[in-house]
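K.L.:
just coords:
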């Protein structure tokens, strides 16, 4: 019987994904497959590794779209200026909560903040929370504006 995918397992998957994304980000010649081969995963549950793999490959495959979200919605903060761990946490949350929608957005943000606190600098948690909050507010505002335009169009 397959083990239930409880929050602790998802959190562990995100920890692994963050570390791998950080590694890939710093070593641009390393692809995700190679990063997974080098990461010690022999003691991890398969369900944990599978979700981590989904997250890492998803972020890497959608990195351009994710970085455009950051650039469009944050004036003065380009992804390459962020601390590498913070950048990985923000990308992970945006992929998981906005692009793939495989977790509720508040959960993705909360997890990214916790990961940034654990793996980043003293200010990483606040920074990641602020960045993601600003992006989410901008996305919600844009969505509301689109809904308003659609609602005000006359029936034909």
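P.N.:
Okay, I see it. Quick caveat, the model's predicted, so the values are computed rather than measured.

K.L.:
show me what counts as buried in stretch 45-60.
P.N.:
Residues 47-49, 51-60 are the ones in stretch 45-60 that count as buried (16 or more other C-beta atoms under 10 Å). Placement of C-beta: from N, CA and C, glycine included.

K.L.:
and the contacts of stretch 93-111?
P.N.:
10-11, 14, 54-55, 58-59, 62, 65-66, 69-70, 92, 112, 128-129, 132-133, 135-136, 139 (C-beta atoms under 8 Å, 6 or more residues apart in numbering).

K.L.:
hmm, I was thinking of stretch 128-138
P.N.:
Looking at what lies outside stretch 128-138 - C-beta under 8 Å, 6+ apart - the contacts are 69-70, 72-74, 77, 82, 86, 89-90, 93-94, 105, 109, 112-113, 116, 120.

K.L.:
now with 10 Å?
P.N.:
69-70, 72-75, 77, 79, 82-83, 85-90, 92-94, 97-98, 105-106, 108-110, 112-117, 120, 123 (C-beta atoms under 10 Å, 6 or more residues apart in numbering).

K.L.:
separation between the residue nearest to the spatial centre of the chain and residue 76?
P.N.:
Residue closest to the mean C-alpha point of the chain, counted by C-alpha atoms, centre = their mean, is residue 92 at 1.4 Å. From residue 92 over to residue 76 the distance is 22 Å, taken as C-beta to C-beta, to the nearest Å.

K.L.:
buried set for the helix or strand where residue 132 lies?
P.N.:
Here residue 132, judged by DSSP states H and E, is contained in helix 124-152. Buried positions in helix 124-152, judged by neighbour count with 16+ other C-beta under 10 Å: 124-125, 127-129, 131-132, 135-136, 139.
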